[in-house]
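>>> okay, here's the prediction I keep looking at, along with the sequence it came from:
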Amino acid sequence: MRRLFPVSDETAARPPDGAARADEGGREWTLDELADAYAYPEQPPGEPRPWLRANMVSTLDGAAQHDGRSQPISSATDMRVFGTLRALADVVVVGAETVRQEGYRPARARAEFAARREAAGQGPAPAVAVVTASLDLDLSLPLFTSPLVPTLVVTGAAASPERRAAAEKAGAQVLVAGDGVGVDPVRAVRALAERGCTRLLTEGGPRLLGQLVASGVLDELCLTISPMLTAGGAQRIAGGPSVTVPHRFALMSLLEEDGFLFSRYRRS
Ligand SMILES: NC(=O)c1ccc[n+]([C@@H]2O[C@H](COP(=O)([O-])OP(=O)(O)OC[C@H]3O[C@@H](n4cnc5c(N)ncnc54)[C@H](OP(=O)(O)O)[C@@H]3O)[C@@H](O)[C@H]2O)c1
């Protein structure tokens, strides 16, 4: 892993063939180094403001999945970044379709991050918050039956009372953040912050991320650019109706490993 931006001693020039040399900062970063590189912004004491970051992976031609999953376009280092971002978060917000398609599991407590989490006043693992209108969820999954921290189901006030009751019976906590069946992203972020979850991470998918972008609640995007081309009609990382004026983000950092680029942008 090496840092390309901001430029540092590790940003060594590469020969034209692009081959990495052992002395080019190509060593594997420790999880502590990754956690430092991705630390949430310092919050003023008193009333911390929620900070919502997204973590997504995309191919060079903009595909956010291949064969319905993101794994084929990811890498071992991408998964280390993924795990690190989870370990820094209070809550992981995810759309129900990603839970259904990717067989989402609860976040686990990891010894490597235990001291850091404790110092940050966090429990051993982030909660997962599933955004859903239908509550069409497999409640027998470990995500609901055996999470370390109860999984949250975020839905609208008009969502099925029977399904809400079933989710609660399975061990989930239901959070209402919308007047209809759907969730209002602004209200969802506020409701999570009121529960003390101010370091928010969303892992998509594209339909959820599109709404978070459109409603202006996204503060940061951690985007892995995978050195792959897939062609076809796969979703981009954010879908749904486009915004009227493109939202401008500023590059905070750029890391590279094995041709994968790990970018971090914040709203400017
Ligand atoms: N490249 C990446 O980094 C990445 C990341 C994540 C996922 N993915 C891929 O993306 C695909 C799934 O993404 P997706 O865009 O189809 O789905 P998604 O965003 O994960 O989930 C969509 C579902 O979330 C719920 N939802 C979204 N907005 C809502 C709102 N405002 N109120 C209430 N519920 C809401 C709805 O659930 P209900 O239907 O239950 O009402 C909706 O059907 C998978 O193939 C996955 O592999 C890629």
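Everything's here; your move.
>>> any bit of the biggest helix by length in the chain sitting next to the ligand?
The single longest helix within the chain, with elements called by DSSP state H, is helix 76-88. No. For helix 76-88 and the ligand, the contact criterion (CB under 6 Å from any ligand atom) is not met; the two come no nearer than 8.8 Å. All C-beta spots, glycine's among them, are computed from the backbone N, C-alpha and C.
>>> C-terminal to that helix, what's the next element?
On the C-terminal side of helix 76-88, the closest following helix or strand by DSSP states H and E is strand 91-95.
>>> without its sequence neighbours, what residue ends up closest to S58?
In space, and not counting its chain neighbours, S58 is closest to I237: 5.2 Å by CB to CB, 6 or more residues apart in numbering.
>>> correct me, but that neighbour touches A63?
No. With contacts counted by CB atoms under 8 Å, I237 stays clear of A63, the gap being 9.1 Å.
>>> distance of the closest residue to the ligand within the stretch 151-268 of the chain relative to A114?
Among residues of the stretch 151-268 of the chain, the one nearest the ligand by CB to the nearest ligand atom turns out to be G205. It sits 2.3 Å away. Between G205 and A114 the distance is 29 Å, computed by CB to CB, to the nearest Å.
>>> neighbour count for these two, which is higher?
For the pair G205 and A114, the greater number of neighbours falls to G205 (24 against 14), based on other CB atoms under 10 Å.
>>> now do the same contact list for the more buried one.
By CB atoms under 8 Å, 6 or more residues apart in numbering, the residues touching G205 are 64-65, 94-95, 97-98, 101, 235.
>>> that older thread, for the longest helix of the chain, output the C-alpha coordinates as PDB.
Taking Å, rounded to 0.1, in the frame of the first residue of the first chain, the C-alpha atoms of helix 76-88 are listed here in PDB:
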ATOM      1  CA  ALA A  76      -8.100  -8.500  -0.200                       C
ATOM      2  CA  THR A  77      -6.900  -5.000   0.500                       C
ATOM      3  CA  ASP A  78     -10.300  -3.600  -0.300                       C
ATOM      4  CA  MET A  79     -11.700  -6.000   2.300                       C
ATOM      5  CA  ARG A  80      -9.100  -4.800   4.800                       C
ATOM      6  CA  VAL A  81     -10.200  -1.200   4.200                       C
ATOM      7  CA  PHE A  82     -13.900  -2.400   4.400                       C
ATOM      8  CA  GLY A  83     -13.200  -4.000   7.800                       C
ATOM      9  CA  THR A  84     -11.300  -1.000   9.000                       C
ATOM     10  CA  LEU A  85     -14.100   1.400   8.100                       C
ATOM     11  CA  ARG A  86     -16.600  -0.900   9.900                       C
ATOM     12  CA  ALA A  87     -14.300  -0.900  13.000                       C
ATOM     13  CA  LEU A  88     -14.300   2.900  13.100                       C
END
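>>> the inter-axis angle of it versus strand 91-95?
Our comparison of helix 76-88 with strand 91-95, counting by axes from the mean of the first three to the mean of the last three CA atoms, to 10 degrees, yields an angle of 120 degrees.
>>> quick one: buried residues of helix 76-88?
Burial within helix 76-88, assessed by neighbour count using 16 or more other CB atoms under 10 Å, is assigned to 77-78, 80-88.
>>> low-confidence ranges in the protein?
Applying pLDDT under 70 to the predicted model, the residue ranges of the chain that meet it are 10-25.
>>> try 50
Across the chain, residues meeting the criterion (pLDDT under 50) sit at 20-24.
>>> which residues of it lie near the ligand?
Residues of the chain that fall close to the ligand, judged by CB under 6 Å from any ligand atom: 56-57, 64-65, 68-70, 95-98, 101-102, 131-134, 136, 182-183, 203-208, 211, 235, 237, 239.
>>> that's all I had, so thanks and see you.
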